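Asks: Structure for this input, please:
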Amino acid sequence: MKKKAGVVGYGNWAKKIIPIIDEVCEIKFIANTKISYKKPKYKVDWVFILTNNKSHYKIAKYFLEKKINVFCEKPLTENYTQSKKLISIASKKKCKIFISEVELFKNKKIPTFIRFKIERKKFEIFKKKNSSILFRLTYHDIYLLHQKLKNEKIKEISYKETPKILRLNILGERNKYNFNYNLASKKRVHFINNINLLSFSGNPLKKMIMKVLQKKVNFKKNNERALFCNYLIDKIKNYEITHRS
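Replies: Okay, the predicted model is just below:
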């Protein structure tokens, strides 16, 4: 029997995901700017949060407190404290929270390198207000490199961002990490060293959603990775502020 689900959000990205959700769930409602997520009274097993980053906290908190499982588009929140609180609420209410990490479902093994060169390029016509590349692009690669970065003692951070370009260098005691992102490129690219993250088989998004609904994923590890992303991004931002000339 299909799980019953609600969806909050109906933007461009949501419109791509909703058909996949509809394949594996019985969608009972879709809330958007015209229909409040608090209005529908349907009983659902899961709610998919596909809204802008800044709204994730209040929406997730609302459903978790009702003991409804939550699938949230990354990041969970843009704040470590808020993310940790949501995970704590889920634990207390004995429900699940999962933060999208679709790259892991491409089954790409990241070998051990001394130097990690991460490159991601795509094209966007406009820059969304208050939407940092640091969250929108770096997040994917931070959770892919979680096992490496979590044990890394960071010695130095170099971080520069414009509306379309991000350059981030992290020098650790063991390894070096060079993140290079470009939103003004006509060519779509996503590499970690020689590993092409755009080359994969099957539908990793559908695979992820199905495994989450079946509870065949490690929710604890997923939550740990999401919190680590918040922690590291906060560290990068704070380092840049305190070392600004």
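Asks: How far does the worst-scoring helix or strand of the chain on mean pLDDT sit from its chain's centre?
Replies: Each helix and strand of the chain was given a mean pLDDT (mean pLDDT, DSSP states H and E); the minimum falls on helix 133-136 at a mean of 82. What separates the centre of helix 133-136 from the centre of its chain is 10 Å, taken as Cα atoms, centre = their mean, to the nearest Å.
Asks: What of stretch 35-47?
Replies: 23 Å.
Asks: end-to-end on that stretch?
Replies: 15 Å (Cα to Cα, to the nearest Å).
Asks: Return the residues in contact with the residue positioned nearest the centre of the chain.
Replies: Central residue of the chain (Cα atoms, centre = their mean): residue 74, 2.4 Å from the mean position. By Cβ atoms under 8 Å, 6 or more residues apart in numbering, the residues touching residue 74 are 99, 100, 101, 139, 140, 226, 229. Every residue, glycine included, has its C-beta placed from N, CA and C.
Asks: which other residues reach the helix or strand hosting residue 234?
Replies: Following DSSP states H and E, the helix or strand that holds residue 234 is helix 219-242. By Cβ under 8 Å, 6+ apart, the list of residues contacting helix 219-242 from outside reads 74-80, 83-84, 87, 96-99, 101, 134-135, 138-139, 142-143, 146, 149-150, 154, 157, 159, 168, 170.
Asks: List the buried residues for that helix?
Replies: 219, 222-223, 225-233, 236-237, 239-240 (16 or more other Cβ atoms under 10 Å).
Asks: Check stretch 207-215 too.
Replies: 208, 209, 210, 212, 213.
Asks: Do you know the pLDDT at the second one?
Replies: Turning to residue 209, the model gives it a pLDDT of 96.
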